[in-house]
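# Give me coordinates for this.
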Amino acid sequence: MQKLNFTIGRFQPFTKGHLNMVVEGNAPCIIYQIKPAGIPETLKGYKVAGRVVKKESVQRVIDFLDNPTGDLTEQEKELLKRPFTNELIAKELDIVKENTPEIIDIVYVSNMFEAVAQFNKFILDNQDKYEPQYWMCGEDRLNDVNRIYNSYIYTGVELPINGVKYENVISNIEINTGKGRTEGISGTDVRKAIINNDKSAFEKIMPKGTGVLFDEFIESYKVFKDKLQNLIKESQMMSLKEYIIQKG
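Residues are numbered from 1 along each chain as shown. Next comes the predicted model:
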């Protein structure tokens, strides 16, 4: 029986650190990529990490994009982790899969729970081939992973997909962070390479073969920043409009 791992993340982008983690599981792995929602046209009703995003927070993220120093709130950190389009990350992951025998599939999901349920269904449908071994995750995601693990996996509750509940066959899976964070390889390091237009640094951080996407990452990053700046402009225009209406 073949052991099988899985990992879940937005992977903005998927770095060598993520790749090392996958390989360190010492078994084939399915990657579940959470497709982040795009930046809206207005701040009205826009929420990240369960709270409404304020203009001041958007401005701090924009400032951080230009100069990655100082501390951000947890919400601002989450907003910062959405700089690249789903299409670009899909192109990158296709290259990573092609060059990594340990990765047997890339599956796109909307949230962490959906990924867990999909992995459970895969094991259920392939019990003659695979048995679950590890949920591979970064150390920075342990709190989120433990929450899902303790609420759904370990307890053995049935896991639903589209309203249909399926037997839990992954309750014996373990959480594994591999050898831990790889020094000098992070999303922040990738952003610095992009800001500095440093393709050499980018290729040292990113998996083999993904350097061909460098220009696309630069363009996607610029579009992300432009959308954030438009949120600020839109907010200022709305404030002015409300002021005029009040005075009128």
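# ok, which stretches of this structure are strands?
Secondary structure of the chain (DSSP state E): strands at 2-9, 29-34, 47-48, 51-52, 103-109, 130-136, 159-161, 164-166, 174-176.
# so which of those strands gets nearest residue 78?
strand 47-48 (5.1 Å; Cβ to Cβ). Bear in mind the C-beta positions are built from the backbone N, C-alpha and C, glycine included.
# so what does that closest one touch, helix or strand wise?
helix 74-80 (3 or more Cβ pairs under 8 Å, 6 or more residues apart in numbering; DSSP states H and E).
# Please enumerate residues in contact with the helix it packs on?
By Cβ atoms under 8 Å, 6 or more residues apart in numbering, the surrounding residues in contact with helix 74-80 are 48, 49, 51, 53, 57, 58, 60, 61, 64, 65, 72.
# ok, so what distance separates the second one from residue 79?
Distance, residue 49 to residue 79, by Cβ to Cβ, to the nearest Å: 8 Å.
# higher neighbour count, those two?
Neighbour totals were compared for residue 49 and residue 79, and residue 79 leads with 23 against 12 (other Cβ atoms under 10 Å).
# From residue 87, how far out is the more buried one?
Counting by Cβ to Cβ - residue 79 and residue 87 are separated by 20 Å.
# try residue 149
31 Å.
# if you count what's nearby, which of these two comes out ahead?
Between residue 149 and residue 87, counted using other Cβ under 10 Å, the more crowded position is residue 149 (20 against 11).
# I figured that one hits residue 172, correct?
No. Using Cβ atoms under 8 Å, residue 149 makes no contact with residue 172, being 11.7 Å away.
# about what we covered before: looking at the contacts of helix 74-80, which is nearest residue 212?
Nearest to residue 212 out of these is residue 65 (Cβ to Cβ; 23.7 Å).
# Can you tell me the closest non-neighbouring residue to the closest one?
Of all residues not flanking residue 65 in the chain, residue 225 sits nearest, at 5.4 Å (Cβ to Cβ, 6 or more residues apart in numbering).
# Quick check: the one you found vs residue 197, distance?
14 Å.
# just residue 152 next, same as before
44 Å.
# More neighbours: which of the two?
Each of residue 152 and residue 197 has its neighbours counted (other Cβ under 10 Å); residue 152 has more, 19 against 11.
# What does the pLDDT read for the residue nearest to residue 92 when sequence neighbours are not counted?
Counting by Cβ to Cβ, 6+ apart, residue 92 lies nearest to residue 210, which is 5.3 Å off, once chain neighbours are set aside. pLDDT for residue 210: 98.
# my read: residue 210 touches residue 89, true?
No. Using Cβ under 8 Å, residue 210 makes no contact with residue 89, being 10.5 Å away.
# what touches both of these two?
Residues touching both residue 210 and residue 89 by Cβ under 8 Å, 6+ apart: residue 13.
# the helices in this structure, which residues?
16-23, 55-66, 74-80, 86-99, 112-125, 142-148, 187-195, 199-205, 214-247 (DSSP state H).
# Mind listing what's buried along the fifth one?
What it means is helix 112-125. 112, 114, 115, 116, 117, 118, 119, 120, 121, 122, 123 (16 or more other Cβ atoms under 10 Å).
# which residues touch the third one?
Counting by Cβ under 8 Å, 6+ apart, residue 115 makes contact with 6, 8, 32, 34, 107, 109.
# Return the distance of the residue nearest to residue 92 relative to residue 40.
For residue 210 relative to residue 40 (Cβ to Cβ), the value is 29 Å.
# more crowded one of the two?
Remark: of residue 210 and residue 40, residue 210 carries more neighbours, 24 against 15, as counted by other Cβ under 10 Å.
# low pLDDT regions in the chain?
Where the chain drops to pLDDT under 70, the residues are 235-248.
# change it to 80
37, 49, 68-69, 181-182, 234-248 (pLDDT under 80).
# from the contacts of helix 74-80, which would you call buried?
48, 53, 57, 58, 60, 61, 64, 65, 72.
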